[in-house]
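*Asks:* Kindly return the folded structure for what I paste below:
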Amino acid sequence: EELLRQTEDLLRQKDVLLREMEHRVANSLQIIASILMLEARTVSSEETRQHLRDAHQRVMAVAAVQQHLHASERCDQIAMGPYLSRLCESLAASMMIGDSRPISLQVLVNGGTAESGKAVSLGLIVTELVINSLKHGFPNDRPDARVVVSYQIDGPDWTLVVSDNGIGKPDIISTPAKGGLGTTLVKALAQDLDATVEAVSGKGGMHVSLTHTTFTPALPQTA
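*Replies:* Numbers count the residues shown, from 1 in each chain. Okay, here's the model as predicted:
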């Protein structure tokens with residue numbers, strides 16, 4: 001009984017220390033993100049300013065996972081619906097979506113959770129694709145501008161789609177020789193997640209999907 005009590009005490013201490021670490025990591029990421037935004041306001045180069053803003057969003061995507069871990073009862077699983085919704089709210093605020101730029105940013109998730117490392121990767125992919133849509137898809141204001149983030153789970157399989165009804169950008173994913181850091185990051189993260197990437201662009205906008213399908217070998221046929 002004494003050994004059991006000591007073991008339970010150690011487990012409680014471990015849980016407290018783990019949550020304290022998660023809280024400190026989240027705070028540190030918030031500080032880094034704030035510094036990046038301060039730097040973005042002081043530089044004179046518009047190109048440098050945009051790079052700093054993009055870096056800010058990448059840091060915020062990771063910080064959002066840490067915040068959800070701290071609030072979750074499980075220290076290794078992220079509820080994807082609330083996580084992606086909060087992430088997109090942050091993106092909308094930083095990209096100045098609102099009365100002056102009426103773009104609808106919708107999130108559609110059919111539930112489910114993801115391991116924290118996978119959630120970070122998915123969040124970074126969503127960040128890159130949403131930023132791309134908001135920066136390039138709508139050069140002119142329009143009342144029906146829309147970006148949709150969809151994450152659908154079917155057992156071990158999942159599909160992530162980021163689409164918009166803007167002007168499109170055909171070289172964002174499909175042309176390996178082109179694209180900047182964001183395109184390279186999306187491809188690398190998709191590879192780590194063992195997901196296939198498909199991009200379709202045209203007059204109806206941009207549609208990028210990542211699909212992870214678990215291969216199930218066919219059962220041998222009996223005579």
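
*Asks:* Give me the longest helix you can find in the protein.
*Replies:* helix 2-42 (DSSP state H).

*Asks:* Downstream of that helix, the next helix or strand is which one?
*Replies:* From helix 2-42 onward toward the C-terminus, using DSSP states H and E, the following helix or strand is helix 46-71.

*Asks:* Quick one: list the elements packing against that next one.
*Replies:* In terms of contacts (3 or more CB pairs under 8 Å, 6 or more residues apart in numbering; DSSP states H and E), helix 46-71 is packed against helix 2-42, strand 77-79, helix 80-94, helix 116-136. (Glycine included, C-beta is placed from N, CA and C.)

*Asks:* about what we covered before: quick check: angle from the longest helix of the chain to helix 116-136?
*Replies:* Angle of helix 2-42 versus helix 116-136, following axes from the mean of the first three to the mean of the last three CA atoms, to 10 degrees, is 20 degrees.

*Asks:* re earlier: just send the helices and strands packed on helix 46-71 back as CSV, with distance to Ser104 too.
*Replies:* Below are the helices and strands packed on helix 46-71 laid out as CSV (distance: least, CB to CB, whole Å):
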stretch, distance to Ser104
helix 2-42, 25
strand 77-79, 23
helix 80-94, 9
helix 116-136, 11
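
*Asks:* Show me where the chain dips below the pLDDT cut-off.
*Replies:* Applying pLDDT under 70 to the chain picks out residues 18-19, 22-23, 68-75, 95-101, 169-181, 215-223.

*Asks:* Spatially nearest residue to the spatially most central residue of it (excluding sequence neighbours)?
*Replies:* Note on the chain: the residue nearest the mean C-alpha position is Gly123, at 1.5 Å, using CA atoms, centre = their mean. The spatial neighbour of Gly123 that comes closest, neighbours along the chain excluded (CB to CB, 6 or more residues apart in numbering), is Ala61 at 4.1 Å.

*Asks:* Enumerate every residue touching that neighbour.
*Replies:* Neighbour list for Ala61: 87, 120, 123-124, 126-127 [criterion: CB atoms under 8 Å, 6 or more residues apart in numbering].
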